[in-house]
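Peer 1: Structure, please.
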Amino acid sequence: MLTISGLMASYGHSQVLFGLDLHVGEGEMVTLLGRNGMGKTTAIRTLMGLLAARGGRIEFRGEDITGRAPERVARLGIGLVPEGRQIFPSLTVRENLVATAANRAGHRAPWTVERIGELFPRLTERASQMAATLSGGEQQMLAIGRALMTNPALLVLDEATEGLAPLIRAEIWACIGRLRREGQSILIVDKNLAALRRLADRHVVIEKGRTVWSGDGPALDAAPEVARRYLGLGE
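Peer 2: A predicted model of the protein is given here:
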């Protein structure tokens, strides 16, 4: 579904990505792992067209989308849950959801406000509430719901549970697990390695903007030095 090859990106004269490689297959959940400042969010921003690629190639369903504008990337079927949520604060919960609603792929059972409410009952309870008044966890649920309302072929989550209370994190992980079981393709950035190991099909580890390791869960379990060296775990 998604193939990123030799991706390079910079902020001005400061290069961040130096040749990132990863791929996500149909129905797969793939993680992008690395310490803070290693280029994970930059990779997501470049994929979504929010930052210009300086080299390399991004293919989505066999089509070169390198350098496409963000709205064109979204129309192709990539839904983003951005770091920091970035919900529309002056709109209600329901307005946030319907603002992005689209079923361009013609899914027989598209995501609707009602289905999002089944996934996150709190959003149904707060449907008429202004988004700015939600808790951080509720805003994250709304950000996920808003992305799902685009009926994406690929769902991209950047820092899916960062800064959330344990109970809210558990609810988010349960949601992600359900989406994975239903066949949703997912690319995810998060620091909760235990949850990611339990749910994901494959892992991609980056260091200073380069892919340094990739493999499935058993391979990661069998290589504790990877977590120790590149993720700062077990030190």
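Peer 1: How much space separates the residue nearest the centre of the chain from residue 112?
Peer 2: Ranked by distance to the mean C-alpha position of the chain (Cα atoms, centre = their mean), the top residue is residue 157 at 1.7 Å. For residue 157, the distance to residue 112 (Cβ to Cβ, to the nearest Å) stands at 21 Å. C-betas here are computed from N, CA, C, even on glycine.
Peer 1: In contact with the closest residue to residue 128 other than its chain neighbours: list those residues for me.
Peer 2: On the basis of Cβ to Cβ, 6 or more residues apart in numbering, the spatially nearest residue to residue 128 that is not a chain neighbour turns out to be residue 92, at 5.4 Å. Residues near residue 92 by Cβ atoms under 8 Å, 6 or more residues apart in numbering: 127-131.
Peer 1: Residue 219 in helix, strand or coil?
Peer 2: helix (DSSP: H, G, I helix; E, B strand; the rest coil).
Peer 1: Retrieve the pLDDT associated with it.
Peer 2: Listed pLDDT for residue 219 reads 94.
Peer 1: Give me the number of neighbouring residues for it.
Peer 2: Look at residue 219: counted by other Cβ atoms under 10 Å, it has 13 neighbours.
Peer 1: And for residue 101?
Peer 2: 16.
Peer 1: Quick check, pLDDT for it.
Peer 2: Confidence for residue 101, expressed as pLDDT, is 93.
Peer 1: What values do phi and psi take at the residue nearest to residue 143 when sequence neighbours are not counted?
Peer 2: Closest residue in space to residue 143, ignoring its immediate chain neighbours: residue 85 at 4.4 Å, by Cβ to Cβ, 6+ apart. Backbone torsions for residue 85, taken as degrees, to the nearest 10, come to phi 70, psi -60.
Peer 1: So residue 85 is in contact with residue 141, correct?
Peer 2: No - if you go by Cβ atoms under 8 Å, residue 85 and residue 141 don't touch, sitting 9.5 Å apart.
Peer 1: Compare the two and say which one has the larger neighbour count.
Peer 2: residue 141 (27 against 22).
Peer 1: pLDDT (mean, whole number) over the helix or strand hosting the more buried one?
Peer 2: Applying DSSP states H and E as the criterion places residue 141 in helix 136-148. Regarding helix 136-148, the rounded mean pLDDT is 96.
Peer 1: And for stretch 190-205?
Peer 2: Mean predicted confidence for stretch 190-205 is 94.
Peer 1: can you give me the end-to-end distance of it?
Peer 2: Using Cα to Cα, to the nearest Å, the end-to-end distance of stretch 190-205 comes out at 12 Å.
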